[in-house]
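Chemist: model the structure of this input:
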Amino acid sequence: MKALNTNKIIKLYLRLAIGVGFLSAVADRFGLWSPELSVWGNWDKFLEYTQVLNPMAPEGFIPVLGFVATAAEIFFGLFLLMGFKTELFAKLSGVLLLIFALSMTFSTSIKGAFDFSVLTASAASFALGTMKEKYWEIDSLLFRPSR
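Modeler: Numbering: from 1, shown residues only. Coordinates of the predicted model:
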């Protein structure tokens, strides 16, 4: 029996953890988590936090920023879970999370970026983006090497 490659398991774990993390945050801002587990609990509170993280942005632009961040988290989360263009969406996730971490750091303090492990998630996303071997990914079905 062939031994399972631990790098494949690590890659799957990273994909699932980052993807579910994005989708969990989105579910929170739409009120899908119970109040005792929720950070924002609804869209309006999420937009208030978006304003905190972007104090220089005009108030009218905050809903756009919130929508763009939410759309990115939905797409990145789903694509990572499916394993579609994993390297690309992992790197984009790393950039998005790094932007979140920098926004948190400059608008509040670095403590939030550490407490919510945003820097860790960004680093994990960048690491995932370097892993080439496919495992339980749609990419392995769609982009088979020609023989």
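Chemist: which of the residues in the lowest-mean-pLDDT helix or strand in the chain are buried?
Modeler: Counting by mean pLDDT, DSSP states H and E, the weakest-scoring helix or strand in the chain turns out to be helix 138-142, with a mean of 85. Of the residues in helix 138-142, those scored as buried under the neighbour-count criterion (16 or more other Cβ atoms under 10 Å) are residue 139. For glycine as for every other residue, the C-beta is placed from the backbone atoms N, C-alpha and C.
Chemist: residues in contact with that helix?
Modeler: 82, 83, 84, 85, 86, 134 (Cβ atoms under 8 Å, 6 or more residues apart in numbering).
Chemist: nearest residue to residue 57 other than its sequence neighbours?
Modeler: Once flanking residues are discounted, residue 57 sits nearest to residue 65: 6.3 Å by Cβ to Cβ, 6 or more residues apart in numbering.
Chemist: OK, contacts around that neighbour?
Modeler: By Cβ under 8 Å, 6+ apart, the contact list for residue 65 reads 50, 54, 57.
Chemist: quick one: the last one from residue 123, how far?
Modeler: The reference is to residue 57. Counting by Cβ to Cβ, to the nearest Å, the separation of residue 57 from residue 123 is 26 Å.
Chemist: now residue 12: which helix or strand?
Modeler: Using DSSP states H and E, residue 12 maps to helix 6-29.
Chemist: ditto for residue 112
Modeler: Secondary structure here is read from DSSP H and E; on that basis residue 112 sits in helix 110-115.
Chemist: which positions within that helix qualify as buried?
Modeler: In terms of neighbour count (16+ other Cβ under 10 Å), helix 110-115 has its buried residues at 112, 113.
Chemist: using PDB, write out every CA atom in it.
Modeler: Extracted as PDB, the C-alpha positions of helix 110-115 are listed here (Å, rounded to 0.1, in the frame of the first residue of the first chain):
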ATOM      1  CA  ILE A 110      -1.300  45.600  15.400                       C
ATOM      2  CA  LYS A 111      -2.900  43.700  18.300                       C
ATOM      3  CA  GLY A 112      -6.100  43.000  16.300                       C
ATOM      4  CA  ALA A 113      -4.100  41.600  13.400                       C
ATOM      5  CA  PHE A 114      -2.300  39.300  15.800                       C
ATOM      6  CA  ASP A 115      -5.400  38.400  17.900                       C
END
